[in-house]
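structure for this input, please:
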Amino acid sequence: MSNASFSPDRATAVVLVLHIVAMFGGFMVLGPAFDFPEVLRYPAPERFAIFAQNQSVIRPTYWVLTMTGMTQILISVLLFHAIRAQSQLAATLSLIFGTLAGFCQALGFGRWVILIPYFVAEAADPEKAQMAAMLEGAFNHYAGILVGEHLANICWGVWLATICVAFLNATNLNRPLALFGIALAPLLFLLAGEQVGVSGDILDPLVDFGFPLLAVWHVLLAAQLWSRNGATDFSNLGRGAWIAGGLVAAGMITPALA
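Alright, predicted model coming up:
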């Protein structure tokens, strides 16, 4: 296939970059606008007040994050076909768990777009405030903590590990990049542990340092797919790409060190 054409590989590369930029961009917006992620542990009335005050920013940001659940599913399907080894168990598992991860993420984020504004409006009536807070708390623990965080992170971790194993077994993708992804997968399993008692003192440094590395993994994989562009083999991922990835990670980590 000609390098001038826009192959499925390059379409996958574009989706990978858009997905990770939307996800991290959304989190960066929610930090100052919604005191995210600490706000998820606030009492419902405090959460309602902050949401109502900044709803014009928070709702569209959560809509974008909800769409990252859809792009996660799309990425899982596209990479499954990019591997060209659909008979592999690892590839099949990556498709299943990547789809589940995206679905869980969309459910968790999506409640802020549709459901929470309804509870906020209901809570404005003093007679309904207590019931609205109770129902929001129940949905927060179920759709948010259980589905959107706990199950989503487990599925995301399994997807990352299995897709990288499939890359190792069925392609000549840059081997360190696949091993890099496998090494990052335990971070997502640890994040799933927060909801069952793993200390935030342990998780916070992992998030500050691990998530930027996860973003770099997505971008470097996109670079490999972009350069392959429908060919049989992946081109070499040179030292310059790794240096650029390291600089991006350092730029993302630096604010956490301030």
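
in the stretch 51-200 of the chain, which ranges drop under the pLDDT threshold?
For the stretch 51-200 of the chain, the stretches with pLDDT under 70 are 86, 194-200.

one more time with 90
For the stretch 51-200 of the chain, the stretches with pLDDT under 90 are 82-88, 137, 140-146, 148-150, 170-174, 187-200.

now do the contacts for residue 11.
residue 78 (Cβ atoms under 8 Å, 6 or more residues apart in numbering). For glycine as for every other residue, the C-beta is placed from the backbone atoms N, C-alpha and C.

if I look at it, how far off is residue 27?
Distance, residue 11 to residue 27, using Cβ to Cβ, to the nearest Å: 25 Å.

how about residue 152?
Per Cβ to Cβ, residue 152 is found 14 Å from residue 27.

out of the two, which sits in the more crowded spot?
Of the pair residue 152 and residue 27, residue 152 is the one with more neighbours under other Cβ atoms under 10 Å, namely 26 against 15.

how about the helices in the chain?
Here the chain has its helices, by DSSP state H, at 8-34, 44-53, 55-83, 89-110, 115-123, 126-139, 152-170, 175-192, 200-228, 239-257.

redo those as JSON lines? Include distance to residue 146.
Below are these laid out as JSON lines (distance: least, Cβ to Cβ, whole Å):
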{"stretch": "helix 8-34", "distance to residue 146": "20"}
{"stretch": "helix 44-53", "distance to residue 146": "17"}
{"stretch": "helix 55-83", "distance to residue 146": "15"}
{"stretch": "helix 89-110", "distance to residue 146": "9"}
{"stretch": "helix 115-123", "distance to residue 146": "15"}
{"stretch": "helix 126-139", "distance to residue 146": "10"}
{"stretch": "helix 152-170", "distance to residue 146": "9"}
{"stretch": "helix 175-192", "distance to residue 146": "10"}
{"stretch": "helix 200-228", "distance to residue 146": "17"}
{"stretch": "helix 239-257", "distance to residue 146": "27"}
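
which among these is found nearest to residue 145?
Nearest to residue 145 among the helices of the chain is helix 89-110; the distance by Cβ to Cβ comes to 8.4 Å.

report the buried residues of the closest one.
Judged by neighbour count (16 or more other Cβ atoms under 10 Å), helix 89-110 contains these buried residues: 90-91, 93-110.
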